[in-house]
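Chemist: Pasting the sequence and the predicted model now:
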Amino acid sequence: NEGLLAEAQALCPNKHLNALQTVGYRELFDYFDGKTTLDFAIEQIKMNTRRFAKRQITWFKRTENVSWFDYLTDRKEIISSIKSKIHNS
């Protein structure tokens, strides 16, 4: 938390930039502006991160040709599968 807090504080003068309108920064900028408490900003970051992750998962599920791998799968097996897909496309 403190690393992100310090980073956001340093970037706050540039908060108008589109690249800084992302989860984490946006909520902390509101905190720095006195619009929310730090606890509320942290809760908002958690909630918005979960929402963003759900949107990403939905997007990936709707995208064809996405190969899903279980994180427990052996790395060599994953690499072999990827190489096979590349060579067969």
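Modeler: Structure received.

Chemist: End to end on stretch 64-83, go ahead and measure it.
Modeler: In stretch 64-83, first residue to last residue: 18 Å (Cα to Cα, to the nearest Å).

Chemist: Just the pLDDT for residue 3.
Modeler: Per-residue confidence (pLDDT) for residue 3: 93.

Chemist: So what touches the helix or strand containing it?
Modeler: Using DSSP states H and E, the element containing residue 3 is helix 2-11. Contact with helix 2-11 is made by 20, 24, 25, 28, 29, 32, as judged by Cβ atoms under 8 Å, 6 or more residues apart in numbering. Where you see a C-beta, it was placed from the backbone N, CA and C, and this is true even at glycine.

Chemist: residues in contact with residue 62?
Modeler: For residue 62, counting by Cβ under 8 Å, 6+ apart, there are no contacting residues.

Chemist: about what we covered before: can you give me the mean pLDDT across the helix or strand following the helix holding residue 3?
Modeler: Downstream of helix 2-11, the first helix or strand assigned by DSSP H and E is helix 25-32. Taken as a whole, helix 25-32 has an average pLDDT of 98.

Chemist: buried stuff in helix 25-32?
Modeler: 25, 26, 27, 28, 29, 30, 31 (16 or more other Cβ atoms under 10 Å).

Chemist: For burial, what's the neighbour tally of the nearest residue to the fifth one once chain neighbours are set aside?
Modeler: Pointing back at residue 29 there. Computed as Cβ to Cβ, 6 or more residues apart in numbering, the closest residue to residue 29 that is not its neighbour in sequence is residue 15, at 4.6 Å. By other Cβ atoms under 10 Å, 16 other residues sit near residue 15.
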